[in-house]
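Enquirer: what follows is a predicted structure for the sequence shown.
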Amino acid sequence: MFYKITEYNYLMSNISSVLEQVKTKGPLVHNITNYVVMNNTANALLAVGASPVMAHAKEEVKDIVTISSSLVINMGTLSEKWVESMLMAAEQAKATNTPFVFDPVGVGASAYRTEVAQKIIETATPNVIRGNASEIMALAKLTNSTKGVDSTMDTQDAIEGATLLAKKLNNTVVISGAIDYIITADTVSKIENGSPLMAKITGMGCTATALVGACLGVEENAHLAAVAAMAIMGVAGDMADEKSAGPGSFQMYFYDSLHELSPEVLSEKVKTNA
Ligand SMILES: Nc1ncnc2c1ncn2[C@@H]1O[C@H](COP(=O)(O)OP(=O)(O)OP(=O)(O)O)[C@@H](O)[C@H]1O
Ligand SMILES: Cc1ncsc1CCO
Ligand SMILES: [Mg+2]
């Protein structure tokens with residue numbers, strides 16, 4: 001099956017203006033995320049200029065969604081109570097029109113993860129879904145079971161799966177990896193920045209998802225918000241790579257780079273077709 005792929009032609013100023021707005025507005029980003037990365041993603045949000053709040057008690061999630069600029073749901077470390085909270089938060093995001101990004105960590109690895117991912121997506125369509133190629137393939141199979149998304153996982157298959165998913169949900173799907181693809185029903189944008197060291201630290205994917213949350217908090221075009229977030233990740237990754245000696249120092253320099261990155265440098269260094 002072939003899809004017409006049109007390239008979005010954002011001006012670099014569109015991408016850099018999203019970062020500018022994150023820095024000036026400091027959007028409140030509500031995260032229900034996993035306990036492996038909770039600290040890392042909160043620090044990344046602060047470094048880029050957003051304001052994180054991590055809240056998962058079901059007694060408060062609706063209130064926190066209501067005052068937030070965006071919602072991030074990441075299902076990295078699931079348990080039943082957290083799932084209840086995730087579903088409540090998704091429902092409230094829908095009711096209050098709060099933009100919502102979903103990270104389906106490990107979907108397909110267990111029946112439980114698959115069931116939870118499906119429930120979350122059915123409760124409220126995420127404006128953006130961000131996962132690695134195998135997670136996006138697993139989700140695409142789930143929602144398009146008869147459409148022949150098969151098991152080999154080269155990039156072209158993942159793009160096809162993501163396109164089916166984006167069509168079905170009418171949203172934006174991001175496949176992260178050495179090249180990031182930001183996909184809607186009829187567009188495929190690429191970001192070609194970043195470092196292999198990013199795959200050697202836990203939670204860089206979760207951090208990418210949190211930054212999508214920050215960008216969605218200031219930019220209502222979800223495709224542009226996702227392109228900007230992946231550009232910020234990639235360019236900060238390039239900057240950290242130049243200074244670091246391995247995963248430990250990379251992580252330190254990555255936060256410094258997120259903090260230091262200006263809209264001007266972002267538009268100068270981003271490698272994209274967007
Ligand atoms: N080889 C690479 N070269 C450049 N950038 C990379 C590379 N691998 C990963 N990245 C970047 O790292 C970030 C995380 O992407 P990745 O696909 O590794 O997420 P993930 O598998 O969900 O990670 P995690 O589950 O550990 O959070 C993205 O911004 C992506 O662009
Ligand atoms: C390692 C790990 N396990 C569950 S969540 C998580 C963080 C990266 O997604
Ligand atoms: Mg991940």
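Expert: Perfect, I can see it now. Ligands and ions are numbered 1, 2, ... in the order given.
Enquirer: residues from the stretch 51-200 of the chain in reach of ligand 1?
Expert: By Cβ under 6 Å from any ligand atom, the part of the stretch 51-200 of the chain that sits against ligand 1 consists of 105, 132, 176-178, 180, 194-196, 198-199. All C-beta spots, glycine's among them, are computed from the backbone N, C-alpha and C.
Enquirer: so T125: helix, strand or coil?
Expert: Secondary structure, DSSP: H, G, I helix; E, B strand; the rest coil: T125 is coil.
Enquirer: picking that back up, in strands, which of the residues of the stretch 51-200 of the chain next to ligand 1 fall?
Expert: In this view, these that belong to strands under DSSP state E are 132, 176, 180.
Enquirer: would CSV of those residues with distance to G76, pLDDT and neighbour count be doable?
Expert: What follows is those, written out as CSV (distance: Cβ to Cβ, whole Å; pLDDT from 0 to 100; neighbours: other Cβ atoms under 10 Å):
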residue, distance to G76, pLDDT, neighbour count
N132, 12, 95, 20
S176, 15, 96, 26
D180, 19, 96, 24
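Enquirer: and which of the residues of the stretch 51-200 of the chain next to ligand 1 is nearest to ligand 2?
Expert: Nearest to ligand 2 among those is V105, at 4.7 Å by Cβ to the nearest ligand atom.
Enquirer: what's around the closest one, how many residues?
Expert: 24 (other Cβ atoms under 10 Å).
Enquirer: also the one 5 residues further on?
Expert: For S110, the neighbour count with other Cβ under 10 Å is 11.
Enquirer: in space, what's closest to whichever residue of the stretch 51-200 of the chain sits closest to ligand 2 - neighbours in sequence excluded?
Expert: Closest residue of the stretch 51-200 of the chain to ligand 2, Cβ to the nearest ligand atom: G76 (2.8 Å). Distance criterion Cβ to Cβ, 6 or more residues apart in numbering; nearest residue to G76, sequence neighbours excluded, is N34 at 2.7 Å.
Enquirer: if I look at that neighbour, how far off is ligand 2?
Expert: Using Cβ to the nearest ligand atom, to the nearest Å, N34 is found at 4 Å from ligand 2.
Enquirer: noted, bye for now.
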